[in-house]
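Peer 1: Let me see the structure of the following:
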Amino acid sequence: MPLAPADPRRAWTGRHDGDGPEHARWHEVVRPAEQAPAGPGLPHVGVLGFESDEGVRRNQGRIGAADGPEALRRALAPLALHGALARGEAAIRDHGDAVTCGEDLEAGQDQAAVLITRALDAEGARLVVVLGGGHETAWASYRGLRASRRCGEDTRWGVLNLDAHFDLRREDRATSGTPFAQMAEAEAQAGRALRYGVLGIAEPSNTPALFTTARELGVTWMTDVECAEGGAPAIASFVANFAADLDVLYLTIDLDVLPAAVAPGVSAPAGLGVAAPLVATAVRAAAATGALALVDVVELCPPLDVDARTARTGARLVDEAVRGVMAR
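Peer 2: Below you'll find the model as predicted:
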């Protein structure tokens, strides 16, 4: 059944092939979070959106990412479910959207962080998926995670970014290019070092100053060329090593890590990019760590997409993460 027309989650619609788990699709399983029964319940995946492209605008990128959550829901809606989610032994709960109104990015991030914390702390939540939004979504994701019960003072956690860019810019105000510098500063103020890894870095898209900042912060990374040369084994090994001693893993997927032919609908299309199957390998490896608690998918720009290619690929990567976590 589709959700109420006034709800941002109205995109959960699609074909119905029949009753029973053998026909289950995302749109037939997703329910609004507020309809979930109180108290302990089924293990579930929480989904929410962040309608925002102000960070992209401030970063002089191509705007349109505020339409990302609806486009990603529409792309997820017809995908087939398997296992516990198809059998009704687990659930998918949609918490709705946070919204950046006008140029007030900071208020939008505040709202999104509260929504993310609530989703992470919900009884039975196995994984929370945030549908962005520009990469300013990551600052909200970080704050939501740090405020949740998943992260105590002694929790070993890290953020793995699938991205062509470090997004370690230092600016007078937050943009889509500053979230990991913001995280590093916040962690330093708390007496901690940020554990940050990146797969897919495009050297021509990152200045020497950004590489210097990354080295100073102890960031680990693989370039897009190294991903292509090393293939799936090198990528899986990188992810496993990065998460080896973590209690909690936060995975952020910037769709501009993909080749422009696969992901034309992004703020900054890649000149080379990392092949979609290799990006999917990284997502599956993250899910296989057993530590993955939060994933966001960012930088989808539906007005610039072609045949919903970018949205469909983003949805497939979300589905890979969900299937990997729920299969454990």
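Peer 1: Give the bridge partners for the residue nearest in space to the middle of the chain, please.
Peer 2: Nearest to the mean C-alpha position of the chain, by Cα atoms, centre = their mean, lies Asp296 at 1.2 Å. Beta bridges link Asp296 to Val130, Thr252 when assigned by DSSP bridges.
Peer 1: I'd guessed it sits against Ser141; true?
Peer 2: Yes: between Asp296 and Ser141 there is a contact under Cβ atoms under 8 Å: 5.1 Å. Placement of C-beta: from N, CA and C, glycine included.
Peer 1: list residues touching both of the two?
Peer 2: Listed contacts common to Asp296 and Ser141 are Val130, Thr252; contacts here mean Cβ atoms under 8 Å, 6 or more residues apart in numbering.
Peer 1: So which bits of stretch 303-316 are buried?
Peer 2: Residues Leu304, Asp305, Ala308, Arg309, Thr310, Ala311, Arg312, Thr313, Gly314, Ala315, Arg316 are the ones in stretch 303-316 that count as buried (16 or more other Cβ atoms under 10 Å).
Peer 1: any idea how far that stretch is from the chain center?
Peer 2: 15 Å (Cα atoms, centre = their mean, to the nearest Å).
Peer 1: what's next to that stretch, contact-wise?
Peer 2: So stretch 303-316 is contacted by 62, 64, 67, 71-72, 74-76, 79, 253, 255, 258, 262-266, 276, 280, 297, 300-302 (Cβ under 8 Å, 6+ apart).
Peer 1: let's see 6 Å
Peer 2: Under the contact criterion Cβ atoms under 6 Å, 6 or more residues apart in numbering, stretch 303-316 has outside partners 64, 71-72, 75-76, 255, 262-265, 276, 297, 300.
Peer 1: And the residues you listed, which two are furthest apart?
Peer 2: Gly64 and Ala276 (21.1 Å; Cβ to Cβ).
Peer 1: For those two, work out which one has more neighbours and name it.
Peer 2: Gly64 (21 against 17; other Cβ atoms under 10 Å).
Peer 1: Tell me the spatial nearest neighbour of that one, not counting adjacent residues.
Peer 2: The shortest distance from Gly64 to any non-neighbouring residue, by Cβ to Cβ, 6 or more residues apart in numbering, is to Cys301 (3.8 Å).
Peer 1: Next: Arg58.
Peer 2: Nearest non-adjacent residue to Arg58 (Cβ to Cβ, 6+ apart): Thr175, at 4.1 Å.
Peer 1: Now do the contacts for that neighbour.
Peer 2: Gly55, Arg58, Asn59.
Peer 1: What residues sit buried inside stretch 46-66?
Peer 2: 46-59, 61-66.
Peer 1: Under the pLDDT cut-off, which ranges of the protein? List them.
Peer 2: 1-6, 8, 38-40 (pLDDT under 70).
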